[in-house]
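J.: Make a model of this:
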Amino acid sequence: MSSSNVAAPRGDTSTSSPSVGLDPLASSSALEWPSSFSLTQQAAEALWAAVEAKASLEAMKQRLAEATARLDALVELGALPEKNLPTVGGFCLYRQEGRVSWSYPASIKELEGQLKKRKQLAEQLGEATQKRGEPFWTIKPAEPLGQ
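T.: So this is what the prediction gives:
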């Protein structure tokens, strides 16, 4: 194992994805790990790559939301059709209707509540079988240590 303060790799930052200008370490002068935590250089590089990819993805999601909001505004004004738009950068764009959702009467909601209670009881009594999906990674904004 290496030292408890492993610096994130700062080598070649040119990738196929555009830089978003987000540096998770910019807010602190040194990387601070809990005293009982240590990383190998390989693990530090993998973590750093995941954080950079997540930051890039979030920035791209924001850009997509802004671009589609502008398209929606143009459609609402009648300046742009919803379908039959030209192909742009190899992508065909069109506006789809929103997903359908349903609102149910109180009698159905009551039945649903009864079903949920029966399911919980079956879980507690061991009559239900638990299944677990494939493991996955989640990356969240960091919280200050000690909270």
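J.: And the pLDDT at the residue of the chain positioned farthest from its centre?
T.: Among the C-alpha atoms of the chain, the one farthest from their average position, using Cα atoms, centre = their mean, is that of Ser107, at 36.3 Å. pLDDT recorded at Ser107 is 97.
J.: Return the set of buried residues in the helix or strand harbouring it.
T.: Ser107 belongs to helix 106-125 when assigned by DSSP states H and E. Buried residues in helix 106-125, counted by 16 or more other Cβ atoms under 10 Å: none are found. Just so you know, the C-beta spots here come from the backbone N, C-alpha and C atoms, and that holds for glycine as well.
J.: Contacts made by that helix with the rest, please.
T.: Tyr104, Ala128, Gln130 (Cβ atoms under 8 Å, 6 or more residues apart in numbering).
J.: Show me what the mean pLDDT comes to for stretch 50-57.
T.: Rounded mean pLDDT across stretch 50-57 is 95.
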